[in-house]
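Peer 1: Predicted model, plus sequence, below.
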Amino acid sequence: MVSQEMSSEVRSPEKAEPKIRIEIGCGGAAAIRDNLAARLQEFKEDSNLWYFGIDIDFGDVLDSKEMVEYEAEDLNEQVPARIKFIRASGDKLPFKDGSVSDVLMRNVLGDPRISLSVRESMIREGARVLKRKGTLTVVEDITPQVTIREGLLGYAGEVLGSQPEYSSRENSPDKVDSRMPTALVARLRKVIE
Ligand SMILES: C[S@@+](CC[C@H](N)C(=O)[O-])C[C@H]1O[C@@H](n2cnc3c(N)ncnc32)[C@H](O)[C@@H]1O
């Protein structure tokens, strides 16, 4: 289990709990690449921060890893060992219950190529690994209408015990227009044990 592996590396009596961010279904374009310079700075400033990009497709995992390394090199930076890319299924995450601070799913819940039951399982798995008050962020900028039509934000709300908050009115379900690209950005907090 990843979090067990980590504990010997990062936990010592004087250190705070690791702050773990995971991205389920990172594909070959992991979100940590967006504004990589700022992300790397965050890792320099917080030695307890970890990021795991997770995908079921090994090729995608490698692509994301290589792209981040390549872009970091361009910035004359090194990718810290606390940024990792692993192959795993989002419905069977290698993390302990309540051990993760943030879960990101970008263009995964709205991906109709993934069966609905697997996408629902991913939500339950995300909820299982999240700490209380941890957040699940859902970003959909390819097929947000699928996530909306299949009621997956409502389902996530039931599982986590909270209502989705939208980053702005433009990014909320009633504004998403299926005829043109419009991003849906929702954040839900885990409020149940
Ligand atoms: C539409 S792509 C989104 C990729 C990336 N997040 C983005 O926004 O560009 C969906 C991703 O989900 C991954 N995926 C499909 N089933 C999965 C599963 N069971 N567990 C983890 N990832 C999965 C696919 O391999 C693919 O990379």
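Peer 2: Alright, I've got the coordinates. Numbering: from 1, shown residues only.

Peer 1: Tell me where the model's unsure across the protein.
Peer 2: Counting by pLDDT under 70, the low-confidence segments of the chain come to 1-15, 170, 178-181.

Peer 1: Please point out which parts of stretch 168-175 sit buried.
Peer 2: By neighbour count on 16 or more other CB atoms under 10 Å, the buried set for stretch 168-175 is N171, S172, P173. (C-beta placed from N, C-alpha, C; glycine too.)

Peer 1: Skip the chain neighbours and tell me the closest residue to T182.
Peer 2: Excluding its sequence neighbours, the residue lying closest to T182 (CB to CB, 6 or more residues apart in numbering) is V176, at 4.8 Å.

Peer 1: residue contacts, the residue in the chain that the ligand sits nearest to?
Peer 2: Nearest to the ligand, among the residues of the chain, is G27, at 2.7 Å (CB to the nearest ligand atom). Contact analysis of G27 by CB atoms under 8 Å, 6 or more residues apart in numbering lists D55, D57, D60, D63, S64, N107.

Peer 1: In strands, which of those residues fall?
Peer 2: Secondary structure assignment by DSSP state E places D55 of those in strands.

Peer 1: tell me the two of the contacts of G27 that are most distant?
Peer 2: Greatest spacing in the contacts of G27, by CB to CB: D63 and N107 (15.2 Å).

Peer 1: Return the list of strands paired to the longest strand seen in the chain, each annotated with direction.
Peer 2: The single longest strand within the chain, with elements called by DSSP E, is strand 130-140. Pairing partners of strand 130-140, with direction, according to DSSP bridges: strand 100-106 (parallel), strand 184-189 (antiparallel).

Peer 1: Could you list the alpha-carbon positions for the helix ranked longest in the chain in PDB?
Peer 2: If you go by DSSP state H, the chain has its longest helix at helix 58-74. Written as PDB, here are the backbone C-alpha positions of helix 58-74 (Å, rounded to 0.1, in the frame of the first residue of the first chain):
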ATOM      1  CA  PHE A  58       0.600   2.300 -17.900                       C
ATOM      2  CA  GLY A  59       1.400   4.200 -21.100                       C
ATOM      3  CA  ASP A  60      -0.400   7.200 -19.800                       C
ATOM      4  CA  VAL A  61       1.300   7.000 -16.400                       C
ATOM      5  CA  LEU A  62       4.700   7.000 -18.200                       C
ATOM      6  CA  ASP A  63       3.700   9.900 -20.500                       C
ATOM      7  CA  SER A  64       2.700  12.000 -17.600                       C
ATOM      8  CA  LYS A  65       5.900  11.200 -15.700                       C
ATOM      9  CA  GLU A  66       8.100  12.000 -18.700                       C
ATOM     10  CA  MET A  67       6.200  15.200 -19.600                       C
ATOM     11  CA  VAL A  68       6.600  16.500 -16.000                       C
ATOM     12  CA  GLU A  69      10.300  15.600 -16.000                       C
ATOM     13  CA  TYR A  70      10.800  17.200 -19.400                       C
ATOM     14  CA  GLU A  71       9.000  20.400 -18.500                       C
ATOM     15  CA  ALA A  72      10.700  20.600 -15.100                       C
ATOM     16  CA  GLU A  73      14.100  20.400 -16.900                       C
ATOM     17  CA  ASP A  74      13.000  23.300 -19.100                       C
END
